[in-house]
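Colleague: structure of the sequence below:
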Amino acid sequence: MRLYYTLDCPEKKTPLHKILLVCFVLPWFLCMTIGVVSIHAELLYPRDLVYKGAFRMPRLWAALRIGAVGYCPKGDSNGPNDGYPGSLYLYQQYAVGEVSIPAPVISATKCFDSLPVASVTALPVNILPPGYTPTDQERVGDVCYLPAQGSQNKAKMHITWPKYWEYNDGPSHGWFDLDLSNPAPTSLWNIANFPNTRTAGYMCEIPSDWADSNVQGMNLATGRYRWGQGSDSRGPNLYACAPWAWGNPPSFDADVPAVELLHYPESNAWPSYSGISAGWSMAEWLTAGHKTAVIIAGGNCDSTWYGTDPECGRTQGPQGRRCKTEILFYSPEDLASVAKKEKAPNLAPYAIWDVRDFLFTNPDAICFQSPIDGGSYDRERGLVYILEGKSNDGWDNKKPIVHVFSIMDPALSEKRNDNNTRSISITAFPNPFNPLTVIKIQGLDVNDPDIELGVYNTRGKLIQQFIAGFSQRTAGFVWNARDLASGLYLLRVKEQKVIYEKSLLLIK
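Modeller: Numbers count the residues shown, from 1 in each chain. Next up, the predicted model:
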């Protein structure tokens with residue numbers, strides 16, 4: 001992983017790996033296990049997100065490039081108790097469908113066919129707004145679930161309708177009902193005072209306490225990056241709005257006020273901005289206990305130009321080579337300062353996470369461009385869903401998949417396992433340890449032969465698998481990590497599609 005931090009450790013005559021463990025890993029571990037708050041405890045970092053695996057779309061969507069996904073906590077109420085409740089709404093041009101969320105699987109070889117398949121819970125339906133005449137310029141924006149707001153009497157899926165050419169801003173935002181047998185899409189409205197090239201793309205929910213304190217209760221965030229077209233944009237953008245405060249729904253082509261939270265004008269470009277092929281397609285506002293972060297995901301290329309690229313089979317348009325796929329981490333406190341006009345909106349992210357190692361698309365290919373097309377967030381369980389819209393290197397069969405990350409937080413871990421009616425206890429002593437620790441697991445089914453036990457690193461790679469019978473699990477067995485490097489490891493116990501985790505910290 002490629003991470004960039006500007007944190008300092010005290011200078012000591014100690015091996016570097018021990019300095020890193022003492023200054024970074026150990027404080028984090030103590031905070032997670034005994035509630036000690038570290039100096040940066042209010043922010044989530046890439047190290048707080050653990051890769052859980054991926055799943056693929058059903059055959060109906062396998063040949064298509066899905067443009068966006070939106071998590072719905074009310075979906076798939078009859079699904080299995082596997083720790084992944086709810087559903088995902090899939091957004092393609094003019095249509096939305098719904099699928100269940102299977103328990104993800106980590107494929108060491110990145111084999112598409114080895115991934116579990118989401119099942120269809122609602123076939124795609126047309127969600128064209130009433131009276132809307134489509135053109136060849138519409139592009140897929142985003143879908144975002146929000147519970148009932150204002151005078152609404154039920155939850156809605158909010159949607160954006162961007163166009164490729166945005167010479168004249170038109171209505172760009174709307175919503176529809178969760179029941180896809182009768183979605184009742186509304187007419188569209190605008191975000192006032194800001195162009196569609198900066199607003200009509202990704203969306204996410206803003207936590208209500210932050211919204212109430214900083215933007216008068218506007219708890220829908222919306223943004224977009226689009227090069228040119230009068231956008232005056234050289235980086236990702238983000239705005240807070242509350243369309244329900246201006247009608248239920250607002251009238252057609254109404255101007256809905258918004259508050260600027262993030263913007264990089266041409267005169268103040270994002271520091272790593274690479275040019276016209278840069279792009280960001282996902283934003284989520286993460287919360288986990290006392291920790292929080294705003295993440296924006298997308299791509300940034302080493303070389304860009306406008307024209308054709310015959311070698312990569314691309315026609316006229318923005319081109320890029322050797323692109324990175326990154327998640328930018330922003331401080332909500334900084335965004336609050338922008339909302340109050342105490343800071344300029346061209347904020348620097350406090351962390352950058354290169355996530356190419358998780359993607360199925362070959363990240364070393366010369367023609368590689370960021371395949372992230374969107375994402376969503378299960379706030380109750382701390383699960384981040386990231387859509388890789390095209391997981392192969394060709395154009396004929398897109399093979400879209402969804403990657404799943406979980407936030408490391410004790411309360412959220414308990415929520416992720418709360419559908420299981422039994423109480424499972426996992427202990428490790430000592431912990432931290434060097435190099436031996438005794439692991440005990442209480443509460444598993446004595447008659448279940450398919451219990452899976454393994455230790456993984458934080459990138460989701462299996463380090464060691466255990467074969468332990470019921471008596472060994474309850475009495476305790478020893479893990480010897482003498483051949484491993486110091487760091488954080490995860491013990492995972494899988495029983496009947498439910499996964500339990502325990503953090504293990506090795507300090508040598």
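Colleague: burial measure for Lys340, as a count.
Modeller: Residues lying near Lys340 (other CB atoms under 10 Å) number 11. C-betas here are computed from N, CA, C, even on glycine.
Colleague: what distance do you get for it to Tyr202?
Modeller: Distance, Lys340 to Tyr202, using CB to CB, to the nearest Å: 23 Å.
Colleague: over to Ala344: give its phi and psi.
Modeller: Backbone dihedrals for Ala344, given as degrees, to the nearest 10, come out at phi -70, psi 150.
Colleague: I'd guessed it sits against Val338; true?
Modeller: Yes: at 7.2 Å, Ala344 and Val338 qualify as touching, with contact defined as CB atoms under 8 Å.
Colleague: more crowded one of the two?
Modeller: More neighbours surround Val338 than the other of Ala344 and Val338, with 21 against 12 (other CB under 10 Å).
Colleague: for stretch 428-439, which positions count as buried?
Modeller: Neighbour counts using 16 or more other CB atoms under 10 Å place Ala428, Asn431, Pro432, Phe433, Thr437, Ile439 of stretch 428-439 among the buried residues.
Colleague: of the residues you listed, which belong to helices?
Modeller: Within the buried residues of stretch 428-439, no residue falls in helices by DSSP state H.
Colleague: this structure: helices as residue ranges?
Modeller: Using DSSP H, helices in the chain cover 16-20, 26-34, 59-62, 196-199, 208-214, 332-339, 410-416, 470-475.
Colleague: give me the contact list for the fourth one.
Modeller: It refers to helix 196-199. When contacts are defined by CB atoms under 8 Å, 6 or more residues apart in numbering, helix 196-199 is touched by residues 160, 162-163, 166, 169-170, 172-173, 190-191, 222-226, 228-231, 233, 237, 239, 258, 263.
Colleague: and for stretch 476-485?
Modeller: 17, 428, 433, 435-440, 455, 463-464, 466, 468, 489, 491, 504, 506, 508.
Colleague: with stretch 143-154 instead?
Modeller: Contacts for stretch 143-154 (CB under 8 Å, 6+ apart): 68-73, 89, 91, 96, 155-159, 177-178, 203-205, 219-220, 242, 244-245, 248, 376.
Colleague: how about 6 Å then?
Modeller: For stretch 143-154, the external contacting residues (CB atoms under 6 Å, 6 or more residues apart in numbering) are 68, 70, 72, 89, 91, 155, 157-159, 203, 205, 244-245, 248.
Colleague: quick check: buried residues in it?
Modeller: So, applying 16+ other CB under 10 Å, buried residues of stretch 143-154: Val143, Cys144, Tyr145, Leu146, Gln149.
Colleague: where does the stretch 251-400 of the chain dip in pLDDT?
Modeller: Applying pLDDT under 70 to the stretch 251-400 of the chain flags residues 268-278, 301-307, 309-322, 362-370, 391-397.
Colleague: Ser331: neighbouring residues, count only.
Modeller: Neighbours of Ser331 using other CB under 10 Å come to 20.
Colleague: can you list the domains in this protein?
Modeller: Structural domains of the chain, as assigned by automatic domain parsing, span the residue ranges 16-41+420-506, 47-413.
Colleague: circling back to that earlier point, for the buried residues of stretch 428-439, work out which two are farthest apart.
Modeller: Maximum pairwise distance in the buried residues of stretch 428-439, criterion CB to CB, is 14.0 Å, between Pro432 and Ile439.
Colleague: distance of Lys341 from Ala242?
Modeller: Lys341 sits 19 Å away from Ala242, taking CB to CB as the criterion.
Colleague: these two: who's more crowded?
Modeller: Comparing Lys341 with Ala242 by neighbour count (other CB under 10 Å), the higher total belongs to Ala242, at 20 against 10.
Colleague: residues in contact with that one?
Modeller: Contacts of Ala242 (CB under 6 Å, 6+ apart): Met218.
Colleague: and it, what pLDDT?
Modeller: Ala242 carries a pLDDT value of 98.
Colleague: list phi and psi for it.
Modeller: Ala242 has phi and psi values of phi -150, psi 80 when expressed as degrees, to the nearest 10.
Colleague: how many residues are close by the closest residue to Leu60 other than its chain neighbours?
Modeller: Nearest residue to Leu60 in three dimensions, chain neighbours excluded: Val120, at 6.3 Å (CB to CB, 6 or more residues apart in numbering). Using other CB under 10 Å, Val120 has 17 other residues around it.
Colleague: then Asp169?
Modeller: Asp169: 18 neighbours (other CB under 10 Å).
Colleague: now the strands for the stretch 401-508 of the chain?
Modeller: In the stretch 401-508 of the chain, the strands defined using DSSP state E, counting those that start in this stretch lie at 401-407, 425-429, 436-442, 452-457, 462-466, 477-480, 487-495, 498-506.
Colleague: now distance to Pro185 and mean pLDDT too, for these, in a markdown table please.
Modeller: Converted to a markdown table, the strands of the stretch 401-508 of the chain look like this (distance: least, CB to CB, whole Å; pLDDT from 0 to 100):
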| stretch | distance to Pro185 | mean pLDDT |
| --- | --- | --- |
| strand 401-407 | 24 | 94 |
| strand 425-429 | 47 | 87 |
| strand 436-442 | 49 | 89 |
| strand 452-457 | 43 | 86 |
| strand 462-466 | 45 | 88 |
| strand 477-480 | 54 | 90 |
| strand 487-495 | 41 | 84 |
| strand 498-506 | 37 | 81 |
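Colleague: which one of the ones you listed is the most hemmed in?
Modeller: Of the strands of the stretch 401-508 of the chain, the one with the most neighbours on average (mean count of other CB atoms under 10 Å) is strand 401-407, at a mean of 25.
Colleague: partner strands of that strand, parallel or antiparallel?
Modeller: strand 49-56 (antiparallel), strand 383-388 (antiparallel) (DSSP bridges).
Colleague: so which of the buried residues of stretch 143-154 comes closest to Pro85?
Modeller: Closest approach between these and Pro85, by CB to CB: Tyr145, at 13.4 Å.
Colleague: for that closest one, which non-adjacent residue is spatially closest?
Modeller: Of all residues not flanking Tyr145 in the chain, Cys72 sits nearest, at 4.9 Å (CB to CB, 6+ apart).
Colleague: that neighbour touches Ser87, doesn't it?
Modeller: Yes: in this structure Cys72 lies within contact range of Ser87 using CB atoms under 6 Å: 5.1 Å.
Colleague: show me which of the two is the more surrounded one.
Modeller: Higher neighbour count among Cys72 and Ser87: Ser87, with 26 against 21, using other CB under 10 Å.
Colleague: now do the contacts for that one.
Modeller: Cys72, Gly75, Asp76, Glu98, Ser100, Thr121.
Colleague: does Ser376 touch Leu383 like I think?
Modeller: No: judged on CB under 6 Å, Ser376 makes no contact with Leu383 at a distance of 9.1 Å.
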